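S.K.: the following block contains a protein sequence and its predicted model.
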Number of protein chains: 2
Amino acid sequence: MPSTQPLPSEPPASRPGRLAVIGLGPGSAELMAPAVREELNHAQDIVGYTTYVDLAGPFRPDQRLLDSDNRQELERARLAFELAAQGRHVVVISSGDPGVFAMAAAVFEALEQSEDPAWHAVELAILPGISAAQAAAARAGAPLGHDFCVISLSDNLKPWSIIEHRLRQAAQADLVIALYNPRSKARPDQFVQALAVLREIRAPETPVVLGRDIGRPDESLTVTTLTEIRPEQVDMRTVVIVGSSLTRRLARPDGDEWVYTPRWYGRD
Amino acid sequence: MPSTQPLPSEPPASRPGRLAVIGLGPGSAELMAPAVREELNHAQDIVGYTTYVDLAGPFRPDQRLLDSDNRQELERARLAFELAAQGRHVVVISSGDPGVFAMAAAVFEALEQSEDPAWHAVELAILPGISAAQAAAARAGAPLGHDFCVISLSDNLKPWSIIEHRLRQAAQADLVIALYNPRSKARPDQFVQALAVLREIRAPETPVVLGRDIGRPDESLTVTTLTEIRPEQVDMRTVVIVGSSLTRRLARPDGDEWVYTPRWYGRD
C-alpha cells in the first residue's frame, strides 16, 4: 500500500510540550489563583513534593503524579523538562509563590545547565501565588506595609557569612525583615545567631510576628517581640516577620493584637 | 396606636459590620484569589480608587460603589470604618496585595487614630493578593528567586534621605531590589538619583526588569541593564526589579530573555 516512505517520527523539538511552574499560595483553595487551578486541570504530569501534590489535588486517574522528596529540587526540575520535551503538559508545584525560594529558580538552573535544544524549546510559564510571608502578614495586619526584605536563613546553598551580612545591612536600613526557613533541626543555633545580630541593631520591643502554616487547617499566629521570642517557637514551617523601628501593635476586640507598619516615615 | 415608646435605635457597636481590605492581584480575574471574589460578591459597600473599582467589577445594582481619588487613602479608610460601624459589609479595594504599599496600612492608621469604640468593634480582615512585583517577576522568569527587598521610591510620606540610605544598604547587601512607585511626573529626577546610588555599587551589566501593568491588557515587560536603562522607560505603573550580583539572563526560544536569580550563592 505505501508507495511513499513513512515519515520519520517527529523529533521532540518540533512538538514541544508545556512546563508550568505554579504557586499554590498558602495552602487553602480559596487563596489559589484561578489560573493555577486551570493549569492543574489541564496538566498531564504533576511533579512536586508529596505534601504540595496532596494540597493541589485531587487529580483525575489520567493525570500522572510524580511526587518526590522535597530536597531534590534540581532533579525534579530535570524530570519536568524531560517530560515536557517529549510533548507532555507538565506542572511543577510549589507552595506559596514559585518565584520566592521555590521551584522557579531551580527550573531555570536546570534549563541553563542543559544543552538539549528540546528542553529549550519547551513552552515555559511561571504562574505566581500568594507567598507565605504575605499570608502571615495579612493574618497579622499589615507588617509589610512599608519597605521590607525577604531573606532565607537556610545555608544549604549560601554561606552563613552572607546571611549574617544581609541581616545586618537590612536591620541598619530599618527594613521590615521576613525570614524564610528560619530554623531546622540540622541547624538550630543559626536562628539564635540571627536574633543576636538583629538585637544589636533593633530595639528590644520591636514587634515580631510568627506565622506557622498560615492558610492551612492547623495555622497559628503569634505576636511577640525581639526580646521575648524563644527559638523553640520557630521551625521550618514558620515565617518570622521582624518589624522596623516604626512597626506598631494595636489591640483587637478579641484580646489579640494587630501588627502593622505605617506608610509614613519620620515626619508626618 | 403606640402604647410603648419606640425602641431607641441600636447603638452601632452592638451590631458591628465587616470591613475587608482585599487585593485584586495584578488586575486579571485569573490571578485574583477566590476568597477575594467571594468577599466582593457579599459586599454591600465597595470603597476604592476608581480604576481598581472598575477592575473589580461588575457589581450588582444593590451594591454601592464609593470610588474616589487615589491620593485620599486615609479618608477612604475612615469612610470605610464609618460605614462598617453602622453595620454595613464594606470592602476596601487595593490592586496587588493590600499589605504591600497599599490600603491595609492606611486602614490600621485610621483605626489607631480613632477613639470610637464602634470602629474598634468592626470585624476587620485583610485578604492578600499577588503583588505587582510577583506578577512582573513571574513574567520575567524568577528574578526574586533569592533574598530580595521591596522599596518604594515615593517620598510623599518618607524623606528622600531614608530612601537613599535604604537603597545603598540593600545594594551593599547584594539583595535583589524591587522598586515601587519609581518615577512620577512630580519627581522625575529621584529615579535618576536612585540609579546613581545603585550604579556606585552594582555592576554595569546587572540585569534590570521593567514590568508595566503586568496582568492587564496593555502589559509590557522589558529586560535591560543598570547601564542601559533610561528613566523615560519608567513611570508610576512600572515595577523595576534590579538584580543581585548573581542574577542571570537566559535566552528564550522567541528571541526574548528570561531573568532569574539562582538559589545558590558563592559556592556550588
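M.R.: Yes, it's here.
S.K.: who touches stretch A:31-40?
M.R.: Residues external to stretch A:31-40 that are found in contact with it (Cβ atoms under 8 Å, 6 or more residues apart in numbering or on different chains): A:20, A:22-25, A:29, A:46, A:56, A:59, A:91, A:125, A:127-130, A:135, A:215, B:25, B:28-35, B:128, B:130. For every residue, glycine as well, the C-beta is placed using N, CA and C.
S.K.: from those residues, list the buried ones, please.
M.R.: Buried subset of the contacts of stretch A:31-40 (neighbour count, 16 or more other Cβ atoms under 10 Å in any protein chain shown): A:20, A:22-25, A:46, A:56, A:91, A:127-130, A:135, A:215, B:25, B:28, B:31-33, B:35, B:128, B:130.
S.K.: filter these down to just the ones in helices.
M.R.: Judged by DSSP state H, the buried ones among the contacts of stretch A:31-40 include A:56, A:135, B:35 as members of helices.
S.K.: reformat these as CSV; add pLDDT and distance to residue A:97.
M.R.: As requested, these are exported to CSV (pLDDT from 0 to 100; distance: Cβ to Cβ, whole Å):
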residue, pLDDT, distance to residue A:97
A:56, 94, 15
A:135, 98, 10
B:35, 98, 16
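S.K.: out of those residues, who's nearest residue B:229?
M.R.: residue A:135 (32.9 Å; Cβ to Cβ).
S.K.: measure the nearest residue to residue A:52 once chain neighbours are set aside to chain B for me?
M.R.: Leaving aside its chain neighbours, residue A:52 sits nearest to residue A:93 (4.5 Å; criterion: Cβ to Cβ, 6 or more residues apart in numbering or on different chains). Here the criterion is Cβ to the nearest Cβ, to the nearest Å. By it, residue A:93 lies 15 Å from chain B.
S.K.: tell me what the strand or helix carrying residue A:93 is packed against?
M.R.: If you go by DSSP states H and E, residue A:93 is part of strand A:89-94. Under the contact criterion of 3 or more Cβ pairs under 8 Å, 6 or more residues apart in numbering or on different chains; DSSP states H and E, strand A:89-94 touches strand A:18-23, helix A:34-42, strand A:45-49, helix A:50-56, helix A:73-85, helix A:103-113.
S.K.: got a list of what residue A:114 touches?
M.R.: Listed by Cβ under 8 Å, 6+ apart, the contact set of residue A:114 reads A:78, A:81, A:120.
S.K.: please repeat the previous calculation with a cut-off of 7 Å.
M.R.: By Cβ atoms under 7 Å, 6 or more residues apart in numbering or on different chains, the contact set of residue A:114 is residue A:81.
S.K.: what of residue A:122?
M.R.: Going by Cβ under 7 Å, 6+ apart, the list of residues near residue A:122 reads A:16, A:17, A:18, A:19, A:81, A:84, A:85.
S.K.: and it, its phi and psi?
M.R.: Here is the backbone geometry of residue A:122 (degrees, to the nearest 10): phi -60, psi 140.
S.K.: give me the pLDDT for it.
M.R.: Looking at residue A:122, its pLDDT is 97.
S.K.: repeat that for residue A:74.
M.R.: For residue A:74, the predicted pLDDT is 93.
S.K.: so who does it touch?
M.R.: A:106, A:109, A:110.
S.K.: was I right about the last one contacting residue A:80?
M.R.: Put plainly, it is residue A:110. No. Counting by Cβ atoms under 7 Å, residue A:80 is not a contact partner of residue A:110; they are 8.0 Å apart.
S.K.: ok, those two, which is more surrounded?
M.R.: residue A:80 (30 against 21; other Cβ atoms under 10 Å in any protein chain shown).
S.K.: check what pLDDT that one gets.
M.R.: 97.
S.K.: also residue A:119?
M.R.: Reading off the model, residue A:119 has pLDDT 97.
S.K.: now the phi/psi pair for it, please.
M.R.: Taking degrees, to the nearest 10 as the convention, residue A:119 sits at phi -70, psi -40.
S.K.: shaky segments in the stretch 151-268 of chain A?
M.R.: Along the stretch 151-268 of chain A, the model assigns pLDDT under 70 to residues A:266-268.
S.K.: contact residues of it facing chain B?
M.R.: A:151-152, A:157-159, A:162, A:165-166, A:169-170, A:172-173, A:175, A:248, A:250, A:253, A:258, A:260-268 (Cβ under 7 Å from any Cβ of the partner chain).
S.K.: so residue A:258 touches residue A:142, yeah?
M.R.: No. Between residue A:258 and residue A:142 there is no contact under Cβ under 7 Å: 8.0 Å.
S.K.: shared neighbours of the two, anything?
M.R.: With Cβ under 7 Å, 6+ apart as the test, residue A:258 and residue A:142 both reach residue B:108.
S.K.: and those two? Which one has more around it.
M.R.: residue A:142 (30 against 23).
S.K.: surely that one and residue B:106 touch.
M.R.: No. Using Cβ under 7 Å, residue A:142 is not in contact with residue B:106; the gap is 8.8 Å.
S.K.: quick one, what contacts residue A:30?
M.R.: B:33, B:34, B:35.
S.K.: now do 8 Å
M.R.: B:33, B:34, B:35, B:38.
S.K.: report pLDDT for it.
M.R.: pLDDT, residue A:30: 96.
S.K.: now the strand holding residue A:93 against helix A:103-113, angle please.
M.R.: 130 degrees (axes from the mean of the first three to the mean of the last three Cα atoms, to 10 degrees).
S.K.: tell me the strands beside strand A:89-94, with direction?
M.R.: strand A:18-23 (parallel), strand A:45-49 (parallel) (DSSP bridges).
S.K.: so residue A:212 sits against residue A:220, correct?
M.R.: Yes. Under the criterion of Cβ atoms under 8 Å, residue A:212 makes contact with residue A:220 at 4.8 Å.
S.K.: more neighbours, the two?
M.R.: Counted by other Cβ under 10 Å, residue A:212 and residue A:220 do not tie: residue A:212 has more neighbours, with 20 against 14.
S.K.: tell me the bridge partners for that one.
M.R.: Under the criterion used (DSSP bridges), residue A:212 bridges to residue A:220, residue A:238.
S.K.: check contacts around it.
M.R.: So residue A:212 contacts A:219, A:220, A:221, A:222, A:235, A:237, A:238, A:239 (Cβ under 8 Å, 6+ apart).
S.K.: of these - the most surrounded one?
M.R.: Going by other Cβ under 10 Å, residue A:239 tops the contacts of residue A:212 with 26 neighbours.
S.K.: isn't it up against residue A:139?
M.R.: No. Using Cβ under 8 Å as the test, residue A:239 is too far from residue A:139 to be in contact (10.4 Å).
S.K.: which residues are common contacts for these two?
M.R.: Common neighbours of residue A:239 and residue A:139 (Cβ under 8 Å, 6+ apart) are A:211, A:214.
S.K.: where do the helices of the stretch 101-250 of chain A begin and end?
M.R.: A:103-113, A:117-120, A:132-140, A:160-172, A:190-201 (DSSP state H, counting those that start in this stretch).
S.K.: as a markdown table, the ones you listed with distance to residue B:42 would be great.
M.R.: Putting these into a markdown table (distance: least, Cβ to Cβ, whole Å) gives the following:
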| stretch | distance to residue B:42 |
| --- | --- |
| helix A:103-113 | 34 |
| helix A:117-120 | 46 |
| helix A:132-140 | 18 |
| helix A:160-172 | 39 |
| helix A:190-201 | 41 |
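S.K.: out of those, deepest packed?
M.R.: helix A:132-140 (a mean of 28; mean count of other Cβ atoms under 10 Å in any protein chain shown).
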